[in-house]
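Visitor: sequence and predicted structure below; questions after.
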Amino acid sequence: MGAGRANSPAFRSLPAPHKLRARYLLATAAVVAVALGLVHAAYYRARRDGIIKDTSARLSIMTEMARDSIVSLMLGGQNGQLGRFITGSMTRDLKAMRLISPGGKVICSTMASQNDFTVRGLPLERKVVRDGHGIPVGIYTPIYNDRPCQSCHGTDKETLAVLNIELLNRGPLQKIAALRKETLFSFGTAFVLVFAPLGLLYLRLVDGPVRGLRESAKKAAKGNFDATFRAERDDELGGICADLNQAFEEVRRMKAALEERHQEAISKMEKMASLGELAAAVAHEIKNPLAGISGAIQVFAEDIPVNDPRKEIMQEILNEIDRLDQSVRSLLAYARPPVLRPVKVDIVSVVERARGLLARQAEAQGVQIRMPAAGYEVIAEADPEQMQQVFFSIMQNSLGLMPSGGTMEVSVRRDGAVGGEDTVRVTLSDTGMGIPSEDMKNMFRPFFTTKHSGSGLGLAISKNIVEQHGGRIEAESRPGLGSIFHVIIPSRASTQKDG
């Protein structure tokens, strides 16, 4: 019993991922992480886009100021000052500033080594250059030949030059890196602040009561039904605890009742055993004197003439002595059942012999006993003499229910496996007056009879014999329509007849 409980899946030690606590905490952590992750991702993206936008705006302002200054110098006829202006515009985050002719030749640059350098594929329209992070790091801005400039440059050229400014992305990258750290720290802090209370709340409201339930259930699984479940709460878990306490109280009540009935049954069995021994002793003491009385009466009867009225009285005394002797034999048979001598026997032939013993009585009552030929032997390991007595008693009981004639049907067949073992079923049905429902409850009790004659032990003895074979007797009846008895005993084999 202990091993069975230890291997039971209900109380086997579960791996951590399969426990309710781990499932809840993992699920809660996942939900909190996803929710906070989405919020912080949106925050990070918005702040990063703001840094990029600020960098782009700063680059645009720087470009516009440089272009306006260059145009002013050119309009003022100070072309020689362009190089000095561009060289002097160098700042900490400015990588380079170049003025490039439409043909791609560098006119002047903050980097002297790039003067007279030719730029291939020079864009003649405004173009922003971005790095791999999307940060604007350069811009090409054309300086058009507007009307004020045409007095010196004529009208043939559309673009006079292209201003190229390149920035270092070190500042924006540092800001984005700092933003990333800030976002991660904020996410971690928010996760702890949100998840920790939820976890503590779960441990307080769910995990503790569930562990208490499981501990009590383990005690109950070991047979300790005195375990109680804490039900101070007014939620669903509290309701479950209250229901379990009520169920355990019912189990305890039923257990006490069963133990009480078990003790009563043991006491009753002891009393029945004592009564059986007493009945056997009394029957034994009665049997020998009855035999002596019967012999004495027979001697007295021999000296009485045939026509003497006392002769009939003597015969009646002898008949009552025989009936009393038969009752004593039945009492002995019930008190001390004979030891079974089971052999492999054809149950059909056993039923046939019992039917033959009652053939004359059935014919006298106008009762037909029908037993269709089975066509095959029904073999079972049984005591043929004892089983013959069983079938005889049941058939005799059925004849008593058909005083004005009728029909008795007898069939023998093998049933399928019941409880892992084949069985033989003998069914005896009659068309008699039936048995009242109140008598059905007592018909197998010893000494119960509705007849003026008989000991009331025939069916009780039959029930004992069948149960000794490991079988059972089932009975059903409908008053006015008849009764059916089923005798079911274990079988070992069934073989077909030759031919």
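Guide: Received it, and whenever you're ready, just let me know what you need. Note that the structure is a prediction, hence the values are computed from the model and not measured. Numbering: from 1, shown residues only.
Visitor: mind listing the strands for this structure?
Guide: Per DSSP state E, the chain carries strands over the ranges 94-100, 106-109, 127-130, 136-144, 159-167, 343-346, 367-370, 379-382, 406-418, 421-430, 472-478, 482-490.
Visitor: show me the contacts for Arg180.
Guide: Applying C-beta atoms under 8 Å, 6 or more residues apart in numbering, we find Arg180 in contact with Tyr44. C-beta here means a position set from N, CA and C on the backbone, and glycine is covered the same way.
Visitor: list of residues touching stretch 147-158?
Guide: Against stretch 147-158 from outside (C-beta under 8 Å, 6+ apart): Val71, Met74, Leu75, Pro102, Tyr144, Asn145, Leu160.
Visitor: what's the burial count for the spatially closest residue to the third one that is not a sequence neighbour?
Guide: Once flanking residues are discounted, Leu75 sits nearest to Pro148: 5.8 Å by C-beta to C-beta, 6 or more residues apart in numbering. Residues lying near Pro148 (other C-beta atoms under 10 Å) number 10.
Visitor: circling back: how about JSON lines for the strands of the chain, with distance to Leu201 and mean neighbour count added?
Guide: Formatted as JSON lines, the strands of the chain follow (distance: least, C-beta to C-beta, whole Å; neighbours: other C-beta atoms under 10 Å):
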{"stretch": "strand 94-100", "distance to Leu201": "55", "mean neighbour count": "20"}
{"stretch": "strand 106-109", "distance to Leu201": "66", "mean neighbour count": "19"}
{"stretch": "strand 127-130", "distance to Leu201": "48", "mean neighbour count": "14"}
{"stretch": "strand 136-144", "distance to Leu201": "49", "mean neighbour count": "18"}
{"stretch": "strand 159-167", "distance to Leu201": "52", "mean neighbour count": "21"}
{"stretch": "strand 343-346", "distance to Leu201": "73", "mean neighbour count": "15"}
{"stretch": "strand 367-370", "distance to Leu201": "79", "mean neighbour count": "17"}
{"stretch": "strand 379-382", "distance to Leu201": "69", "mean neighbour count": "23"}
{"stretch": "strand 406-418", "distance to Leu201": "56", "mean neighbour count": "16"}
{"stretch": "strand 421-430", "distance to Leu201": "58", "mean neighbour count": "20"}
{"stretch": "strand 472-478", "distance to Leu201": "60", "mean neighbour count": "15"}
{"stretch": "strand 482-490", "distance to Leu201": "62", "mean neighbour count": "21"}
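Visitor: of those strands, which is nearest Leu203?
Guide: Comparison of these against Leu203 by C-beta to C-beta identifies strand 127-130 as nearest, at 50.7 Å.
Visitor: my guess is Ser216 meets Thr228, correct?
Guide: Yes - counting by C-beta atoms under 8 Å, Ser216 does reach Thr228; the two are 6.9 Å apart.
Visitor: more crowded one of those two?
Guide: Of the pair Ser216 and Thr228, Ser216 is the one with more neighbours under other C-beta under 10 Å, namely 19 against 13.
Visitor: stretch 119-129: which residues count as buried?
Guide: Buried residues in stretch 119-129, defined by neighbour count with 16 or more other C-beta atoms under 10 Å: Val119, Leu122.
Visitor: what is the mean pLDDT for it?
Guide: Computed over stretch 119-129, the mean pLDDT rounds to 88.
Visitor: which residues does Gly471 contact?
Guide: For Gly471, the contacting residues are Thr423, Val487, Ile488, Ile489, Pro490, by C-beta under 8 Å, 6+ apart.
Visitor: what segments of this structure are helices?
Guide: 2-6, 20-75, 82-88, 147-153, 170-202, 208-221, 236-302, 309-335, 347-357, 359-365, 384-400, 437-440, 458-468 (DSSP state H).
Visitor: which residues sit against the third one?
Guide: Among residues not part of helix 82-88, those counted as contacts by C-beta under 8 Å, 6+ apart are Ala66, Ser69, Ile70, Leu73, Met74, Met97, Arg98, Leu99, Ile107, Cys108, Ser109, Thr110.
Visitor: kindly export it (C-alpha atoms) in CSV.
Guide: Provided in CSV are the C-alpha atoms of helix 82-88 (Å, rounded to 0.1, in the frame of the first residue of the first chain):
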residue,chain,number,x,y,z
LEU,A,82,36.8,82.2,-48.2
GLY,A,83,39.7,79.9,-47.3
ARG,A,84,40.4,81.8,-44.1
PHE,A,85,36.7,81.7,-43.1
ILE,A,86,36.4,77.9,-43.7
THR,A,87,39.7,77.2,-41.9
GLY,A,88,38.6,79.3,-39.0
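Visitor: picking up where we left off before, can you redo the strands of the chain as a markdown table with distance to Val194?
Guide: Formatted as a markdown table, the strands of the chain follow (distance: least, C-beta to C-beta, whole Å):
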| stretch | distance to Val194 |
| --- | --- |
| strand 94-100 | 44 |
| strand 106-109 | 55 |
| strand 127-130 | 37 |
| strand 136-144 | 37 |
| strand 159-167 | 40 |
| strand 343-346 | 80 |
| strand 367-370 | 86 |
| strand 379-382 | 76 |
| strand 406-418 | 63 |
| strand 421-430 | 65 |
| strand 472-478 | 68 |
| strand 482-490 | 69 |
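Visitor: so which of the helices of the chain is nearest Asp430?
Guide: When the helices of the chain are compared by C-beta to C-beta, helix 384-400 sits nearest Asp430, at 4.1 Å.
Visitor: what count of nearby residues applies to Glu316?
Guide: Counted with other C-beta under 10 Å, the neighbours of Glu316 add up to 10.
Visitor: ok, now how distant is it from Ser393?
Guide: 26 Å (C-beta to C-beta, to the nearest Å).
Visitor: pick the one among the contacts of Gly471 closest to Arg370.
Guide: Nearest to Arg370 among those, with distances taken as C-beta to C-beta, is Val487, at 17.2 Å.
Visitor: I figured that closest one hits Val390, correct?
Guide: Yes - in this structure, Val487 is within contact of Val390 by C-beta under 8 Å, at 6.4 Å.
Visitor: and for those two, which residues touch both?
Guide: Val466.
Visitor: could I get the contacts of helix 82-88 as a markdown table with pLDDT?
Guide: Shown next, in a markdown table, are these (pLDDT from 0 to 100):
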| residue | pLDDT |
| --- | --- |
| Ala66 | 84 |
| Ser69 | 84 |
| Ile70 | 82 |
| Leu73 | 80 |
| Met74 | 77 |
| Met97 | 86 |
| Arg98 | 85 |
| Leu99 | 86 |
| Ile107 | 83 |
| Cys108 | 83 |
| Ser109 | 83 |
| Thr110 | 81 |
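Visitor: farthest-separated two in those?
Guide: Met74 and Thr110 (18.3 Å).
Visitor: contact partners for the residue nearest to Glu377 when sequence neighbours are not counted?
Guide: Nearest non-adjacent residue to Glu377, counting by C-beta to C-beta, 6+ apart: Asp346, 4.5 Å away. Asp346 makes contacts with Glu377, Val378, Ile379, as judged by C-beta under 8 Å, 6+ apart.
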